[in-house]
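Trainee: Predicted model follows, preceded by the sequence.
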Amino acid sequence: MAERIDGKAISLQIKDELKKQLEEIRAQGGKRCLAVILVGEDPASKVYVGNKKKACEYIGIESRSYELPAETSQEELLALIDKLNKDSEVDGILVQLPLPAGLDERQVIRAIAPEKDVDGFHPVNVGSLLIGEPGYVSCTPAGVIQLLKRSGIEIAGKECVVVGRSNIVGKPMAALLLRENGTVTVCHSRTKNLAEVCRRADILVVAVGKPRMIDASYIKEGAVVIDVGIHRMENGKLCGDVDFDAVEPHCSAITPVPGGVGPMTIAMLMNNCVNRVTE
Ligand code: NDP
């Protein structure tokens, strides 16, 4: 029976550690403040922003909320970011993505000062990760590393296969596994013999965005399987990119969906807010 990696419990453990850490910071007169910008009325984005605010409250991070109408112009959004960049009371700035049509996400990400970019999406932070310098790391892949480490799973020297090469998951995931001394292969839609490549993996991280695509034929016996995917099925339940029931009997450890990678993303956002990168 595979070990189920409990992202809910691990994320709570991290949030409790951060809460303690922030109590110490506050005892010395410090504080942390996150500015959250939401443009438009997307219901899923509203839920995500609500969850982030709740997590801030739990840890003791002050959160400032900017809810702008969908017809906000690029100039207005950039002006707000500029104001928050210059505000010494604000430690982190988060713009909830996706933005409504007509707004330029690329430009918005670049407008956030890298030292306040707690999502870790700015090219300066992405570059810092690649060259091994301090910087904010994208929260979901950073959460995967914590899941592995806190479950006692060694990464160094392991064959790590990442399925997916998006800027927010696949690419930073590969960079982080490499930083942890894994031997890393990155797969994508043009990869040939995907199942065969995946079967090389001691640690398989799947961020492909296709419900239950990865079945037992992709798994080496005893592998660790991390499922980043999250999809709502017709019956209202959630599933991942991995066919959990088919894969679980073949691996040594696996993350469920929900309750695996999902809760870690917010925990790592909170970590980025508490542990500022100032240089
Ligand atoms: P994207 O759609 O941006 O990227 C998907 C990647 O998978 C692409 O690199 C694509 O390749 C590759 N791919 C697509 N189809 C195939 C295929 N048949 N074979 C091999 N590779 C393929 O997704 P994201 O990275 O943003 O997200 C991935 C999943 O993770 C989604 O389910 C998303 O909902 C979830 N997610 C979960 C988070 C969480 O907090 N738990 C946070 C972020 C995402 P190519 O580049 O060639 O097109």
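Mentor: The structure has been received and is ready for your questions. None of the values given here were measured: they were computed from a predicted structure. Numbers count the residues shown, from 1 in each chain.
Trainee: What ranges in this structure fall below the confidence cut-off?
Mentor: Filtered on pLDDT under 70, the chain yields the residue ranges 279.
Trainee: Outline the domain layout of it.
Mentor: Following automatic domain parsing, one gets these domains for the chain: 29-116, 139-261.
Trainee: do you know which of those domains lies nearest the ligand?
Mentor: domain 139-261 (3.1 Å; CB to the nearest ligand atom). Every residue, glycine included, has its C-beta placed from N, CA and C.
Trainee: Report whether the closest one contacts the ligand.
Mentor: Yes. For domain 139-261, a contact with the ligand is found by CB under 6 Å from any ligand atom, at 140, 163-166, 168-170, 187-191, 194, 207-210, 228-230, 241, 261.
Trainee: Going along the chain, name the strands of this structure.
Mentor: Listed in chain order, the strands of the chain (DSSP state E) span 3-4, 33-39, 62-68, 92-95, 159-163, 183-187, 203-206, 223-227, 231-232, 238-239, 251-254.
Trainee: So in that sheet, which strands flank the second one, and in what orientation?
Mentor: To tie it back to what came earlier, the one meant is strand 33-39. strand 62-68 (parallel), strand 92-95 (parallel) (DSSP bridges).
Trainee: In a markdown table: the strands of the chain, plus mean neighbour count.
Mentor: Supplementary listing: the strands of the chain in a markdown table, determined by neighbours: other CB atoms under 10 Å:
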| stretch | mean neighbour count |
| --- | --- |
| strand 3-4 | 14 |
| strand 33-39 | 22 |
| strand 62-68 | 16 |
| strand 92-95 | 24 |
| strand 159-163 | 26 |
| strand 183-187 | 20 |
| strand 203-206 | 28 |
| strand 223-227 | 27 |
| strand 231-232 | 12 |
| strand 238-239 | 17 |
| strand 251-254 | 20 |
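Trainee: Nearest to Ile131, out of these?
Mentor: The closest of the strands of the chain to Ile131 is strand 183-187. By CB to CB, the value is 16.2 Å.
Trainee: contact partners of the closest one?
Mentor: The contact list for strand 183-187 (CB atoms under 8 Å, 6 or more residues apart in numbering) reads 157-165, 170-171, 174, 177-178, 194, 197-198, 200-201.
Trainee: hmm, back to that, point out the one among the domains of the chain that comes closest to Arg276.
Mentor: Among the domains of the chain, domain 29-116 sits nearest to Arg276 (CB to CB), with 5.7 Å.
Trainee: Off-centre distance for that closest one?
Mentor: 16 Å (CA atoms, centre = their mean, to the nearest Å).
Trainee: what does stretch 232-248 give?
Mentor: 20 Å.
Trainee: Can you check the distance spanned by that stretch, start to finish?
Mentor: 20 Å (CA to CA, to the nearest Å).
Trainee: Could I get the buried residue list for that stretch?
Mentor: 239-244, 247-248 (16 or more other CB atoms under 10 Å).
Trainee: So what touches it?
Mentor: 1-2, 163, 206-216, 218-219, 225, 227-231, 254-258, 260.
Trainee: again, only using 7 Å
Mentor: 2, 206-216, 219, 225, 227-231, 254, 256-258 (CB atoms under 7 Å, 6 or more residues apart in numbering).
Trainee: ok, now stretch 264-275?
Mentor: Against stretch 264-275 from outside (CB under 7 Å, 6+ apart): 7, 10-11, 14-15, 18, 21-22, 32, 34, 51-52, 55, 59, 61, 91-92, 118, 120, 136, 139-140, 142-143, 146-147.
Trainee: List buried residues within these.
Mentor: 7, 10-11, 14-15, 18, 21-22, 32, 34, 52, 55, 59, 61, 91-92, 118, 120, 136, 139-140, 142-143, 146-147.
Trainee: What about these, which are in helices?
Mentor: Using DSSP state H, 7, 10-11, 14-15, 18, 21-22, 52, 55, 59, 139-140, 142-143, 146-147 are the members of these that sit in helices.
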